[in-house]
Structures are given as structure tokens and as C-alpha cells.
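1. Sequence and predicted structure are below.
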Amino acid sequence: MSIESTNPATGDVVDSFEETSDEEREDRLERASETFEEWSETPIETRQRLLAKAADVLRENEDDYARLMTEEMGKPIGQAHDEVAKCAWVCDYYAETAAEHLQDEVIASDESARTVVAYQPLGPVLAIMPWNFPFWQVFRFAAPNLAAGNVGLLKHASNVPGCAQAIQDVFEQAGFPDGAFTSLLISSDEIDNVIEDDRVAGVTLTGSDGAGRAVAETAGSQLKKNVLELGGSDPFVVLEDAPMDETVETAVQARLINNGQSCIAAKRFIVVDDVYDEFLDRFVDEMAAQTVGDPMNEDTDIGPQAREDLMEDLHGQVEETLEQGGELELGGEPMDRDGAFYPPTVLTDVPENAPADQEELFGPVATVFRVPDEEAAIEKANDTRFGLGASVWTEDLERGERVARQFESGLAFVNELVKSDPRLPFGGVKDSGYGRELARHGIREFVNTKTIWVQ
Ligand code: NDP
């Protein structure tokens, strides 16, 4: 069987790849397990040195990797370049800091006993990854885990097989041992077999909450550690003292980045009454001014949605919201051209429990809510089953931090769009998942936090 990747801007087939057979999967799992024995004993300085080489490989091939991502899933080419650079950054970050994050912690050392906490790798970890940031999501997992002494198995989303292969190549070119990072081109139906395999120590998934629940169920039945980074419906709260120029500019960027397909994109714009009309007018104008088109063109702001079916689902959510009484301020229909293009769309007066109120809208569709004051804004912000990111906009930084602390979310930003940064823990609460990626917290997810007592 072969897996094809399709360019969502044109509908053309980009490339085709052989699916990993059962036999090959068995070989790769065995090799991963054997490599773990050797890799986990390799000095951390060597592992860090190889990660720095992976960063070099990424930088040397930035043009090719960026083009591949844009061809397979349609992100604007400039953003694809930024993504490769960010992957190099996360490799460099752990190349420089992994030993520090994992060094033994001496709890007590006196005549009676010496007690120490050590962080030891667990084994092969399976990463089930999505198509939206097809390089970044994988490197965010791979860099800390390889540095910690684990080995990685990748089941990438079915529409980005070329990216999966290219990422495996990065680690091979950097000199990692065979089996340290292996892509499995398999369908999600076969995932349970891999999670249940005794050689696999844990699993991490970034994707929809439906996929997360399925993976957590299997991992739970096997008592295997799992980390879930699921969707979000991030609020973007605008208070009456928000710096309006910057707020509107960032609001548009926060909604439209990656063609609107980001778990931490701002999706619900919650604006206090005093500045609602001004914000809405300016926001709609800015959204309308964005250039939609060929993602290979440097001037394009918004390319196609990553797959035709995803665009249809998004449009279904918009239609259902309008049927329930929502108002359309901008956009709202798939574009009349080849490819999965959906225009910037703005919805208002959205009733409670409509899809745009309660579900994740994974595309360039913004919902703007009017609320009377700060207290109502916080209540609306938290009125969702998701809890990934949130931001608040105000000139008063103390007020901003107070509001940020009241958000039910894993990430809370004041006067900045929600973003991931190798130095900061990333993850959510509620239906956005559990566990953390990045920083010291991320590198310690798939390790044995071992207590050692020496009498
Ligand atoms: P999925 O969650 O279905 O896909 C993400 C990854 O999980 C892919 O590798 C997929 O493989 C795999 N997967 C899917 N179902 C299962 C399963 N039952 N068991 C194990 N693995 C599974 O996302 P979609 O691509 O279908 O997108 C649907 C929605 O998910 C989006 O509209 C968005 O709301 C959300 N999403 C959130 C992301 C985030 O960053 N948090 C990223 C992507 C999507 P395969 O491709 O082979 O199905």
C-alpha cells in the first residue's frame, strides 16, 4: 500500500510513499529497543553534541524543508522558513541545557545518609503527531527526549509523509545511531498495536481530543505514561484600557497564523462593551485586508486549509452557528477557486452552545463576543471545555497579571499572543490535555524520577 501526499493549494499529488509493512514495523521496533540500550548509556554530552548537529542540518536545508511543508499542508512559505529555524532553536536549546535540566538533585547529604533524585530515560517513546506544524511539533518532542536518552518512534499525520521522512533524515544526517529516531508510516488503526508493544515505554500525542481519548485509553490499559497536547479555543480578552493599535494587529495575527490552524490560535475574542465597536470595526477591516493565495508566494498571508475535508468541517461549523442565530461580519463561504481555500471570517452575536461558542474552529474564523466588564470577560473566557492558552490586553500590567492568573489555561499571556518557546513549559488543562512539553518540565515527562538512598 502507498500513502500519497496532496498539495492542498492545487489538489495535485506531491509524492507517494510505501506504507510501513508489519514486518518492517517489527524490525524498526526491535532496532529502536536495541538502540535504546546503547543510547541511554551514551554520555549526555555526546547526545547534546549530536543535537547541535541536527540544528546545523536543519539550517543547511532550510529551503528544502520549508518548501516540503508548504507543498504538503499549505502553510505560507515565510512561516515554513520560520518553523525550520524554530526547530533548529529547540535542538540548540537542549544541546546547551539538557544536562542541567537532568542533573541529579541532592536532597540530603550528611553522616546518616545521602539521598539523591536521578532522572533516567524510560525507553522508546511513540510520538503521534499532527500536520499543522509538521516539523515543529515533532522536534518539540524529539529534541528533549533524545537528549534525555530516550529513542523516538514517529507516527506522523497521514497527509505529511514527506515531512516524516525528512525529519528521520535530519537525525540520520546529524549522525544519530540507526534506530534513535524512526518514522513509521502506518495508519491510526494500527497505533494500538504499537502502544501495546512491550518495547514501547510511553506515548505522546498532539492532535484532536478525540484522538487523545483513544490513545489515552489504550495507554491507560497498558499502564503507560502518556502526554496529551490537544485542541484549544483560546480566549483573547480585550479590556477597555487595551493599547488598541497593537491589540488589533496582534488579534489578526493570533487568529490567522498558519492559515488559522494552530491549537494556540486566538479563537474567541472577548471584548468589553466600552471598546467593542471600535475593536470590531478595526478587526474586520484588518481581517479583510489579508492576502489569501498561493502559499509559495512570499506575499501571501493565508494559504489553503490543509485538507479539503477539514475545510468542509470548518464551513459546517460556521453554517451551523449562523443557523443558530450568529451574525456574519466577513467571509463565510469557501472561495471560488481550486484548492481548499477558506477566507478570513468573522462571526458575532453567537449564541451560547453554538459551534463557534463551544467547539474548536481550526481555520481562519474568529468569533467576537461583547461582554459588560472584566469579570464577565473572565467568566466567558473560562466558559469552555478547553484550557490551552489565553491572552489579555490592557495598559495596566498588574491588572493583566491578575486576570492572567484567573484564566483556566496552561498558558496565559498579557499583551502578547500565545506562543510556544523552548524555554517555557507548554501544555493545557481541561480537555486540552495533560503533561507538559518543553523547558525542564518537558524533558522530565518521559524519565524515571528515581529516588536513591545511600545509607
Ligand atoms: P487528528 O487528531 O485526527 O490527527 C492527529 C494525529 O493523530 C495524526 O497523526 C492522526 O493520524 C492521529 N490519530 C487520529 N486518530 C487517532 C486514533 N484514534 N488513535 C491514534 N492516533 C490517531 O486530527 P485531524 O487531522 O483529523 O484534525 C481534526 C481536528 O483536530 C482539527 O480540526 C483540530 O480541531 C484538531 N487538531 C488539533 C491539533 C493541535 O495542534 N492540537 C493539530 C491537528 C488537529 P492520521 O493522520 O493517520 O489520522
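-> Looks like it came in fine.
2. Check the stretch 351-455 of the chain for the residue nearest the ligand and tell me.
-> Relative to the ligand, the nearest point of the stretch 351-455 of the chain is Phe362 (3.4 Å; C-beta to the nearest ligand atom). Quick note: C-beta positions are derived from backbone N, CA and C, even for glycine.
3. Please tell me how far that residue sits from Gly260.
-> From Phe362 across to Gly260, the span is 7 Å (C-beta to C-beta, to the nearest Å).
4. And those two? Which one has more around it.
-> Phe362 (26 against 22; other C-beta atoms under 10 Å).
5. ok so, going back, residue contacts, the residue of the stretch 351-455 of the chain closest to the ligand?
-> Each residue near Phe362 by C-beta atoms under 8 Å, 6 or more residues apart in numbering is listed here: Gly231, Gly260, Gln261, Leu310, Leu314.
6. Please repeat the previous calculation with a cut-off of 10 Å.
-> When contacts are counted by C-beta atoms under 10 Å, 6 or more residues apart in numbering, Phe362 touches 132, 208, 231-233, 258-263, 265, 267, 305-306, 310-311, 313-314, 317.
7. what number of residues lie near Asp301?
-> 20.
8. Over to Trp393?
-> Trp393 has 27 neighbouring residues, counting by other C-beta under 10 Å.
9. quick one: pLDDT of it?
-> Trp393 is assigned 99 on the pLDDT scale.
10. what do you get for Asp110?
-> 86.
11. Distance of the residue in the stretch 1-150 of the chain that the ligand sits nearest to relative to Arg255?
-> Relative to the ligand, the nearest point of the stretch 1-150 of the chain is Pro130 (3.3 Å; C-beta to the nearest ligand atom). Distance of Pro130 to Arg255, given as C-beta to C-beta: 19 Å.
12. for Ile452, same thing?
-> Per C-beta to C-beta, Ile452 is found 49 Å from Arg255.
13. neighbour-wise, which of those two wins?
-> Neighbour totals were compared for Ile452 and Arg255, and Arg255 leads with 30 against 12 (other C-beta under 10 Å).
14. Quick check: that one touching Phe283?
-> Yes. Counting by C-beta atoms under 10 Å, Arg255 touches Phe283, with 8.9 Å between them.
15. between these two, what contacts are shared?
-> Common neighbours of Arg255 and Phe283 (criterion: C-beta under 10 Å, 6+ apart): Phe269, Val346, Ala366.
16. Need the residues touching each of Phe362 and Gly260.
-> Counting by C-beta under 10 Å, 6+ apart, the residues touching both Phe362 and Gly260 are Asn132, Lys267, Gln305, Leu314.
17. which one of these is nearest Met287?
-> Nearest to Met287 among the shared contacts of Phe362 and Gly260 is Lys267, at 13.5 Å by C-beta to C-beta.
18. number of nearby residues for that closest one?
-> By other C-beta under 10 Å, the residues close to Lys267 number 29.
19. so it, which of the three states?
-> Secondary structure assignment for Lys267 (DSSP: H, G, I helix; E, B strand; the rest coil): strand.
20. and the closest residue to it other than its chain neighbours, what does it touch?
-> Taking C-beta to C-beta, 6 or more residues apart in numbering as the measure, Lys267 lies nearest to Ser233, with 4.8 Å between them; neighbours along the chain are not counted. Going by C-beta under 10 Å, 6+ apart, Ser233 touches 263, 265-268, 356-362, 367, 381, 383-390, 431-432.
21. Give me the buried subset of the residues you listed.
-> Those of the contacts of Ser233 that meet the buried threshold are 263, 265-268, 356-362, 367, 381, 383-384, 386-390, 431-432, by 16 or more other C-beta atoms under 10 Å.
22. Could you pull out the helices in the stretch 251-400 of the chain for me?
-> Assigned by DSSP state H, counting those that start in this stretch, the stretch 251-400 of the chain shows helices spanning 273-288, 308-323, 355-358, 374-382, 397-406.
23. deepest of these, which one?
-> Each of the helices of the stretch 251-400 of the chain was scored by mean neighbour count; the highest is helix 355-358, a mean of 22, by mean count of other C-beta atoms under 10 Å.
24. Run the contact check for it versus the ligand.
-> No. Helix 355-358 lies out of reach of the ligand by C-beta under 6 Å from any ligand atom, never closer than 11.4 Å.
25. cool, stretch 420-439 as well?
-> No. Using C-beta under 6 Å from any ligand atom, we find that stretch 420-439 stays clear of the ligand, coming within 8.0 Å at best.
26. out of everything not next to it in sequence, what's closest to Ser391?
-> Using C-beta to C-beta, 6+ apart and skipping residues adjacent in sequence, the residue nearest Ser391 is Phe413, 4.3 Å away.
27. Regarding the one you found, what is its secondary structure?
-> Phe413 ends up strand, using three-state DSSP.
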